[in-house]
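**Student:** output the structure for:
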Amino acid sequence: MSVWIRNLQMALETKPVVLLHGNVRDHYIDTNSVLSDGRKVFRQLTPLLRESTKKLSIRYDDFVTYSPFKNESVESQSPIHSDEPKSGLDDELAAVSRKRAQAAQPDADSSPPSGQIPEPQRILAHWANSRLKDQTRNSFIVVSYLDKLISYRQSYQASEQEILYWIEKCIENITPNNRLVLIALSDSLLPTELYTHSPKCRLLPISRPDKEDRNAYLRFHLTSTQCAEQLSLLSDLTDGLYLIDLVEIAEAFTDLASGKATGTRELRALVNRYRLGVQDDHFASLDIIRLNSAFDWFVNEEGIKGQDHAIRKVCSVLNRARAGLAGMASGTASKPKGVLFFAGPPGVGKTLIAKKLAKFLFGTEEAFIRIDMSELKDEHSMSKLIGAPPGYVGFEQGGLLTSTVRERPFSVVLFDEIEKAHPRILDLFLQLLDEGRLTDSRGQTVWFTETIIVFTSNIGNRAVDRGKLDAILQDSTLTDTQRVTQAQDHFRSAVQQFFEREISRPELLRRIGNDIVPFNHIQNGSIQKEIIQSHLNRCVEEFADRFREQGYRLEVDVDTVANYLVDKYGDNVMARFGGGGVTNSIEEELINILAEEVLAAEYQKLRDITFKVSHRDNALRIQI
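**Tutor:** Okay, here's the model as predicted:
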């Protein structure tokens with residue numbers, strides 16, 4: 001039996017009013033209840049409540065159901081007749097309506113005739129003044145879709161005030177032998193007046209099915225021996241899904257498992273069809289030959305230089321994901337495909353590698369999602385990620401993170417400069433890294449199971465850490481290899497101290513584990529030259545593409561120009577600012593004079609020409 005069902009039984013024994021909210025539209029399974037046809041599955045909440053009344057110490061004469069869209073329905077051995085005397089209820093209700101109307105509009109001096117009083121007010125008034133006050137007949141009343149009848153607002157219209165008034169009167173007047181169950185989608189939709197300072201009420205959430213529920217529900221639908229062998233695994237993979245989802249999953253799994261062995265990979269693809277709405281597994285379909293050449297692809301084709309250690313770490317994460325072993329060590333199948341924490345100075349390729357990783361996996365950098373954590377310095381800015389709470393501006397738009405991942409479940413998600421976010425916001429990552437999912441402000445679950453999560457940070461390069469780092473970089477007694485190793489250890493240590501001591505989030509550090517990837521400073525002259533050459537080659541290609549219609553071409557003596565820029569900028573700008581320093585030096589020395597020549601050629605209406613860049617008189621020159 002689910003924990004929430006046990007809590008429901010306890011609440012119904014002790015409290016006359018129970019307000020249910022949460023997972024109110026699902027199927028439910030109660031292994032301690034058996035319906036007349038032998039089933040233990042309830043396809044709606046109302047039959048489960050009806051069955052629950054049989055386990056209570058009080059025997060109920062009437063089981064009453066009501067919703068704003070249906071008339072009152074009474075199941076009783078001696079139902080109340082339609083000609084039951086109203087005891088002046090219409091007159092009482094009309095008097096209340098008149099008082100409220102006069103309060104809202106002082107000029108109003110009359111109330112509507114009793115025949116025009118809306119049905120909800122009439123029924124609620126009858127309950128408050130008769131049925132729920134009756135100590136001779138036990139009534140169990142269930143009100144569905146309460147949030148459609150009356151929902152939380154900061155101010156109410158006159159008709160809504162009447163409904164709220166009569167519900168409050170029902171709660172005030174109910175006697176211990178009667179029960180009133182109010183059902184809403186969310187507690188945020190319930191008027192706070194119903195349960196605030198109300199000792200007769202119990203506010204009870206209905207949670208999503210846990211593993212025990214999913215296991216029992218799947219066992220009910222699966223019958224073959226082979227299916228039973230995979231039951232526990234399937235229960236794990238369906239974490240976070242509704243029981244209604246499991247009906248079709250069970251049927252599809254029975255067809256899938258007939259006549260062949262079924263493992264984690266097949267089950268994951270099956271569950272993803274219902275989680276994500278897709279059947280393709282981008283990771284399982286990744287070509288092994290291409291995967292083996294991933295390192296060369298990052299270095300040679302995409303021009304990422306000087307970060308071999310980081311690229312090898314990325315490749316190891318790709319190998320785990322492709323082999324289907326992601327999350328195996330922790331025993332959690334719903335984790336993201338990989339987690340990487342890039343730490344290092346600015347401009348050394350942290351963001352670039354994440355972009356190229358998206359391109360390698362999914363064929364386009366459009367599958368790269370970047371969240372700038374420097375915009376989340378306040379605790380309330382969490383709404384930017386998962387959406388604003390109900391009733392607040394922007395609620396209907398959803399969160400940037402959850403909405404984007406819902407649309408692109410196969411993606412690389414980059415959280416840039418994570419140390420600049422408010423520490424409370426980092427708590428979101430506990431569930432994301434552990435369970436592979438987040439719940440947005442609208443209660444919808446977003447799955448991160450097919451994503452690779454990348455954090456970037458300048459921890460270790462900040463002012464508080466810079467003294468230790470400079471001592472390592474400027475130590476002339478160290479070899480290049482020793483300097484690189486000690487700098488990497490410095491960044492790892494700085495990240496650990498940040499989470500453990502500065503923000504007291506060691507649990508988040510534990511989830512990141514050994515995936516802290518330190519990036520190297522670009523001090524080596526040969527590496528600086530390779531980076532500049534890569535940038536220059538890209539500039540040549542982009543120039544030809546941008547001016548294809550005019551027939552403009554750019555010709556650069558890449559080796560000579562790279563040597564000139566390294567000699568002029570390498571020891572200061574590039575060593576400290578990395579790729580950003582390379583970009584700045586190229587713009588200063590080449591792009592500025594190239595722009596003048598392009599504008600001059602355009603003014604002269606020249607076409608089909610080549611801009612040849614050379615080094616002369618200790619400067620770059622352009623000849624057409």
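**Student:** what is the burial count for the closest residue to residue 531 other than its chain neighbours?
**Tutor:** Closest residue to residue 531 apart from its sequence neighbours, by CB to CB, 6 or more residues apart in numbering: residue 305 at 4.8 Å. To be clear about C-beta, it is placed using only N, CA and C from the backbone, and glycine gets the same treatment. Other residues near residue 305 come to 23 when the count uses other CB atoms under 10 Å.
**Student:** then residue 357?
**Tutor:** 27.
**Student:** now it: how far from residue 314?
**Tutor:** 6 Å (CB to CB, to the nearest Å).
**Student:** what stretches of the stretch 151-300 of the chain score poorly on pLDDT?
**Tutor:** Low-confidence segments of the stretch 151-300 of the chain, defined by pLDDT under 70: 223-229, 255-265, 276-281.
**Student:** okay, helices next: where are they in it?
**Tutor:** In the stretch 151-300 of the chain, the helices defined using DSSP state H, counting those that start in this stretch lie at 158-173, 211-221, 225-229, 231-237, 243-257, 264-275, 288-292, 294-296.
**Student:** how about a markdown table for these, with distance to residue 28 and mean neighbour count added?
**Tutor:** As requested, the helices of the stretch 151-300 of the chain are exported to a markdown table (distance: least, CB to CB, whole Å; neighbours: other CB atoms under 10 Å):
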| stretch | distance to residue 28 | mean neighbour count |
| --- | --- | --- |
| helix 158-173 | 25 | 19 |
| helix 211-221 | 8 | 19 |
| helix 225-229 | 22 | 13 |
| helix 231-237 | 16 | 18 |
| helix 243-257 | 7 | 18 |
| helix 264-275 | 19 | 19 |
| helix 288-292 | 44 | 11 |
| helix 294-296 | 47 | 15 |
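**Student:** for stretch 590-608, what is the distance to the chain centroid?
**Tutor:** Relative to the mean C-alpha coordinate of its chain, stretch 590-608 is positioned 48 Å out (CA atoms, centre = their mean, to the nearest Å).
**Student:** ok, now stretch 550-563?
**Tutor:** 46 Å.
**Student:** in it, what counts as buried?
**Tutor:** Residues 552, 554, 556, 558, 561-563 are the ones in stretch 550-563 that count as buried (16 or more other CB atoms under 10 Å).
**Student:** relative to residue 462, which of these is nearest.
**Tutor:** Closest approach to residue 462 among the buried residues of stretch 550-563 (CB to CB): residue 562, at 31.1 Å.
**Student:** quickly note the distance from the closest one to residue 583.
**Tutor:** The value you get for residue 562 to residue 583, if CB to CB is used, is 14 Å.
**Student:** still on that earlier bit, so which of the buried residues of stretch 550-563 sit within strands?
**Tutor:** In this view, these that belong to strands under DSSP state E are 554, 556.
**Student:** of the buried residues of stretch 550-563, just say which sits nearest to residue 434.
**Tutor:** residue 562 (46.4 Å).
**Student:** the closest one and residue 529 touch, don't they?
**Tutor:** Yes: counting by CB atoms under 8 Å, residue 529 is a contact partner of residue 562 at 4.8 Å.
**Student:** the residue nearest to residue 531 contacts residue 529, correct?
**Tutor:** No: using CB under 8 Å, residue 305 is not in contact with residue 529, being 9.0 Å away.
**Student:** can you point me to the longest helix in the chain?
**Tutor:** The residue-count maximum for a helix in the chain (DSSP state H) belongs to helix 525-546.
**Student:** how about the nearest residue to residue 440, chain neighbours excluded?
**Tutor:** Nearest one to residue 440, counting by CB to CB, 6+ apart, is residue 402 at 4.0 Å.
**Student:** could you count how many residues lie near that neighbour?
**Tutor:** There are 22 residues near residue 402, going by other CB under 10 Å.
**Student:** gap between it and residue 446?
**Tutor:** With CB to CB as the criterion, residue 402 and residue 446 are 4 Å apart.
**Student:** so the nearest residue to residue 275 once chain neighbours are set aside bridges to which residues?
**Tutor:** Of all residues not flanking residue 275 in the chain, residue 447 sits nearest, at 5.0 Å (CB to CB, 6+ apart). Counting by DSSP bridges, residue 447 forms beta bridges with residue 437.
**Student:** list the residues that contact residue 447.
**Tutor:** By CB atoms under 8 Å, 6 or more residues apart in numbering, the contact list for residue 447 reads 240, 275-276, 334, 405, 409, 436-437.
**Student:** mind checking how far it is from residue 549?
**Tutor:** 45 Å.
**Student:** quick one on the thing from earlier: for the residue nearest to residue 275, give me the pLDDT.
**Tutor:** pLDDT, residue 447: 86.
**Student:** quick one: it from residue 241, how far?
**Tutor:** Distance from residue 447 to residue 241, by CB to CB: 10 Å.
**Student:** what is in contact with those two at once?
**Tutor:** In contact with both residue 447 and residue 241: residue 275, using CB under 8 Å, 6+ apart.
**Student:** quick one: the strands in the stretch 401-550 of the chain, in order.
**Tutor:** 411-416, 437-439, 445-447, 451-457, 516-518 (DSSP state E, counting those that start in this stretch).
**Student:** beyond the lowest-mean-pLDDT helix or strand in the chain, next helix or strand please.
**Tutor:** Ranking every helix and strand in the chain by mean pLDDT, DSSP states H and E puts helix 89-104 at the bottom, with a mean of 49. Downstream of helix 89-104, the first helix or strand assigned by DSSP states H and E is helix 119-129.
**Student:** just checking, what packs against that next one?
**Tutor:** helix 89-104, helix 158-173 (3 or more CB pairs under 8 Å, 6 or more residues apart in numbering; DSSP states H and E).
**Student:** right, and the helix or strand after that helix?
**Tutor:** Downstream of helix 119-129, the first helix or strand assigned by DSSP H and E is strand 139-143.
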